[in-house]
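The sequence and its predicted three-dimensional model are supplied below.
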Amino acid sequence: MIQAEVGRSERERIRQRNKDRARRLRNAGRWAGGPIPFGYRPVDNPEGAGKILEIVPEEAQAIRKAAEEILAGDTLGKVARRMNHAGVKPRRAAMWSRVTLSRVLTGDHIVGRITVNGRLARDAEGNILAPFAPILTVGQLTALRATLGKGKPPVRTGRAPAHLLSGLLTCHSCDRTLSASSRKTGRFYRCYTRGSGGICERPVVVSASAIEPYVEKRYLAAVGHMPMYKERTVVSGLEELAAVEEEIKATLADMATSATADTFKRLQDLQARQAELSARDTDKRTELIPTGQTMAEHWKEAMVEDRRTLLAEAIDELIVYPGRQGQRIFTDDRLVLIWAENEDEDLDEDQEAALDATLAPVVAEPAQEIPEDLAPFLEAARRLQADGVDVASLLAPE
């Protein structure tokens, strides 16, 4: 019995010594051990004994990029898939998921702070310790927590598109969206209107291996040389709110062990201040910044889901027509591509003259080089003529 009590007392002393050591290390701005947070690595302290945490540039860049994408409106699932596609590896998992990414983006470590048993570490004066270099600002962390906050219903985005042109191709005959399907002979986009009980006079089917490279080539020929920009959301005015919320957490933790009148009064004051700050308008703006890449370079690195988004933003319609019997290659006359940016644009007199001069031979078979700014209108004319519309009479002066 005496030996057991002596052993228990010794374990308590060892545990207390370890706690005291960890606290001294934290107060001295050194790493006290434990799981190493993503974005950091332990290195020798250049100013004395022990270890400190320094930023891993590649991982920090991935965190900042993910934070910008979340604040710009992307979902956690999409950003996680993007990180997996880019080859960014998490620390303790095979790949990124919404849970692992959320923990990284909302953890206190990304602003250089330390937590002990779920509470922020503080010095003797009660100030929050932040001994390590931050990856994000406190304002960004607060905005991310508000965006990804607990209690919010999960965003259901459905299954990510597995095919480049999923949902983008339209049947010429019934105007229904073509569906992607896979068979032993390959992948196809097919009109299933008849199969679902609808009416389609001439349903189309097209090989994905034929039409996808064609659309990609057309898209990159038009925009591949352009500089690539990305959206960055800048948030400010949240630092004081974040500090008050941390004080509320600390006060609630204190009430669990010492629920005094002073503690209640402090909590009430903090909650009133929190309500006041939450009612203020925060400065949140979105700006476009260059990435240093061309659109073609970005396309090469992008995953299928992001490539499809680029196409959906740039193209208004992709109308597929039947191929000729026995035809094995994809030809221009099978697809009408209408750029979204030219949807409501009117022609000036010179463009109308050029259109009149080139329309007749182009509708049948392109025989001369077409001005780039006329291409969308000629595509529309080709589609109308294929549907039996007398295009020449529409263009004739009244």
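Thanks, I have the structure now. All values reported here derive from a predicted model rather than from experimental measurement.

Cross-check the contact I'm expecting between Pro90 and Phe38.
Yes - the pair Pro90 / Phe38 is scored as a contact, 6.4 Å apart, by C-beta atoms under 8 Å. Backbone N, C-alpha and C define where each C-beta goes, glycine included.

Overlap in contacts, those two.
Common contact partners of Pro90 and Phe38 (C-beta atoms under 8 Å, 6 or more residues apart in numbering): Val104.

between these two, who's got more neighbours?
Between Pro90 and Phe38, counted using other C-beta atoms under 10 Å, the more crowded position is Phe38 (24 against 19).

Contacts only, for the closest residue to Gly323 other than its chain neighbours.
Using C-beta to C-beta, 6 or more residues apart in numbering and skipping residues adjacent in sequence, the residue nearest Gly323 is Arg334, 5.6 Å away. Each residue near Arg334 by C-beta under 8 Å, 6+ apart is listed here: Val206, Ile211, Val320, Tyr321, Pro322, Gly323.

Pull the most distant pair out of those residues.
Greatest spacing in the contacts of Arg334, by C-beta to C-beta: Ile211 and Pro322 (12.9 Å).

Shouldn't Ala162 be within a helix?
No - the assignment for Ala162 (DSSP: H, G, I helix; E, B strand; the rest coil) gives coil, which keeps it out of a helix.

For the stretch 201-350 of the chain, which segments count as strands?
Counting by DSSP state E, counting those that start in this stretch, the stretch 201-350 of the chain has strands at residues 205-207, 227-236, 283-294, 315-320, 335-339.

so which of these gets nearest Arg119?
Using C-beta to C-beta, the nearest of the strands of the stretch 201-350 of the chain to Arg119 is strand 227-236, at 25.1 Å.

List the neighbouring strands of that closest one plus their orientation.
strand 283-294 (antiparallel) (DSSP bridges).

So for Ile211 and Pro322, which sits in the more crowded spot?
Ile211 (21 against 15).

give the contact list for that one.
Leu165, Leu169, Tyr189, Val320, Phe330, Arg334, Leu335.

show me where pLDDT drops low in the stretch 1-150 of the chain?
1-30, 32, 116-118, 121, 123-126, 150 (pLDDT under 70).

all helices for it, in order.
2-27, 57-71, 76-86, 98-106, 138-147 (DSSP state H, counting those that start in this stretch).

Next, the buried residues of the fourth one.
Residues of helix 98-106 classed as buried: Arg98, Thr100, Leu101, Ser102, Val104, Leu105, Thr106 (neighbour count, 16 or more other C-beta atoms under 10 Å).

what do you get for the second one?
Buried residues in helix 57-71, counted by 16+ other C-beta under 10 Å: Glu59, Ala60, Ala62, Ile63, Arg64, Lys65, Ala66, Ala67, Glu68, Glu69, Ile70, Leu71.

so which of these would you say is closest to Phe132?
Ala60 (11.6 Å).

Gly39 is in contact with that closest one, correct?
Yes - the criterion here is C-beta under 8 Å, and Ala60 meets it with Gly39 at 5.1 Å.

Touching both of the two, which residues are there?
By C-beta under 8 Å, 6+ apart, the residues touching both Ala60 and Gly39 are Ile135.

OK, contacts around Gly39?
Counting by C-beta under 8 Å, 6+ apart, Gly39 has contacts Ile55, Val56, Glu59, Ala60, Ile63, Val104, His109, Ile110, Ile135.
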